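Asks: A predicted structure for the sequence below; I have some questions about it.
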Amino acid sequence: MKQISDPGEFQRLCQVYRSQGLSIGLVPTMGALHSGHGELIKAARKRSDVVVLSIFVNPLQFDNSNDLVNYPVTLQADLEFASSLGVDVVFLPSRDQMHPEPVMIRVEVGKIAEILEGKSRPGHFSGVATVVAKLFILAGECEAYFGEKDFQQLAIISRMVDEMHFPVEIAGVPIVRDSDGLALSSRNLRLSKDQKKAALALSRALFSAKAVISDGLRDVSSVESVMVTELKRPIAGVSKADYPVLDYALVVDQATLIRPDRIDRPVRLVIAAWVGDVRLIDNLGIDISH
Ligand code: PAF
């Protein structure tokens, strides 16, 4: 497994691979790799000839400097994990190599960045789009793998690729769930046993909404009410202090994230709630043509 930190060297290496007729699968990460990243790497390993993993804790996407300082760095374990899954190249730029100071250029993202997760994180998606655009320019023509768990991030990056004509094919990798439905997330580790039980309300709300849509319900407000009711349902054996506190439960257009009035196109059910001091998100795709 090659390790490269110089952006120019990384760009040249990707050009060499392409000139040899090899396809490149790019998996952008901020390190602290877990099984969710493992799924992205495995998807890339299946489809692409050369798997390139980037590890870069991107300061531009942190709205809170404490979160940046406290972001876990587990480089040695990450390298061992990447190597065990057959990654070919790890790109590890320094902060100054990726974003030479003073940073004067950023990708501006429109209204799609101000809703849902963006509401409480001003500038976050602009920071994500900026670093991902740089990675796409360096990697060149490639397939790039992102988790569907961060659905708004995936939608914004897909839109950026379309609007900015990057020669990149975006592959969304489905959410991995525990057998009880809980979407896997490194944040789950911070939940107590009771809070974990309470957190199941998120996926239950999504699957209840899916069921009423399958039964023919198309009115978006009514579907959203089903999710809210399910999320607020009493949970046996769990104290009220651990109940989820809803931020949003919405039906949005799959590509633009705009909320339609009726379900007459592919949509995404999206939900976010606090359990204790842990913010959880989940989502589910619905395509009524299937
Ligand atoms: O999802 C992440 O880990 C980050 O937002 C990404 C896409 C690697 C950009 O820094």
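Replies: Here it is on my side, so go on. Numbers count the residues shown, from 1 in each chain.
Asks: drop to CA atoms for contacts and neighbour counts, all remaining ones
Replies: Noted.
Asks: Could I get the pLDDT score of the one residue in the stretch 151-290 of the chain that gets nearest to the ligand?
Replies: Here the residue of the stretch 151-290 of the chain nearest the ligand is residue 153; by C-alpha to the nearest ligand atom that distance is 7.2 Å. Residue 153 carries a pLDDT score of 98 in this model.
Asks: so what's it up against?
Replies: Residues near residue 153 by C-alpha atoms under 8 Å, 6 or more residues apart in numbering: 125, 128.
Asks: any idea which helix or strand carries it?
Replies: helix 151-164 (DSSP states H and E).
Asks: Give the closest residue to residue 274 in space, chain neighbours not counted.
Replies: residue 245 (5.0 Å; C-alpha to C-alpha, 6 or more residues apart in numbering).
Asks: do the same with residue 91
Replies: residue 54 (4.6 Å).
Asks: ok, what's across the strand from the one you found?
Replies: residue 28, residue 91 (DSSP bridges).
Asks: need the residues of this protein near the ligand, please.
Replies: Within reach of the ligand by C-alpha under 6 Å from any ligand atom, the chain has these residues: 28, 29, 30, 58, 128, 132.
Asks: Now, of those residues, which are buried?
Replies: 28, 29, 58, 128, 132 (16 or more other C-alpha atoms under 10 Å).
Asks: what's downstream of the helix or strand the last one falls within, the next helix or strand?
Replies: In this structure, residue 132 is located in helix 124-139 according to DSSP H and E. Read in the C-terminal direction, the helix or strand following helix 124-139 is strand 142-147, with elements assigned using DSSP H and E.
Asks: now what about that following strand, what contacts it?
Replies: Defining contact as C-alpha under 8 Å, 6+ apart, one finds that strand 142-147 is touched by 23-28, 36, 40-41, 43-44, 48, 136, 154, 167-175.
Asks: Can you check which helix is longest in this structure?
Replies: helix 193-214 (DSSP state H).
Asks: other SSEs contacting whichever helix or strand comes after that one?
Replies: Next helix or strand after helix 193-214 toward the C-terminus (DSSP H and E): helix 220-232. Counting contacts by 3 or more C-alpha pairs under 8 Å, 6 or more residues apart in numbering; DSSP states H and E, helix 220-232 is packed against helix 193-214, strand 245-253.
Asks: Save the ones you listed as CSV, and put in mean pLDDT and mean neighbour count too.
Replies: Output for the helices and strands packed on helix 220-232, formatted as CSV (pLDDT from 0 to 100; neighbours: other C-alpha atoms under 10 Å):
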stretch, mean pLDDT, mean neighbour count
helix 193-214, 97, 20
strand 245-253, 97, 20
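Asks: mind putting those in JSON lines, distance to residue 102 included?
Replies: Shown next, in JSON lines, are the helices and strands packed on helix 220-232 (distance: least, C-alpha to C-alpha, whole Å):
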{"stretch": "helix 193-214", "distance to residue 102": "42"}
{"stretch": "strand 245-253", "distance to residue 102": "36"}
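Asks: Can you name the residue of the stretch 101-250 of the chain nearest the ligand?
Replies: Counting by C-alpha to the nearest ligand atom, the stretch 101-250 of the chain gets nearest the ligand through residue 128, at 4.9 Å.
Asks: now the buried ones among the residues of the chain next to the ligand in a markdown table, with pLDDT and distance to residue 104?
Replies: A markdown table is the format used below for these (pLDDT from 0 to 100; distance: C-alpha to C-alpha, whole Å):
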| residue | pLDDT | distance to residue 104 |
| --- | --- | --- |
| 28 | 98 | 23 |
| 29 | 97 | 23 |
| 58 | 97 | 15 |
| 128 | 98 | 15 |
| 132 | 99 | 16 |
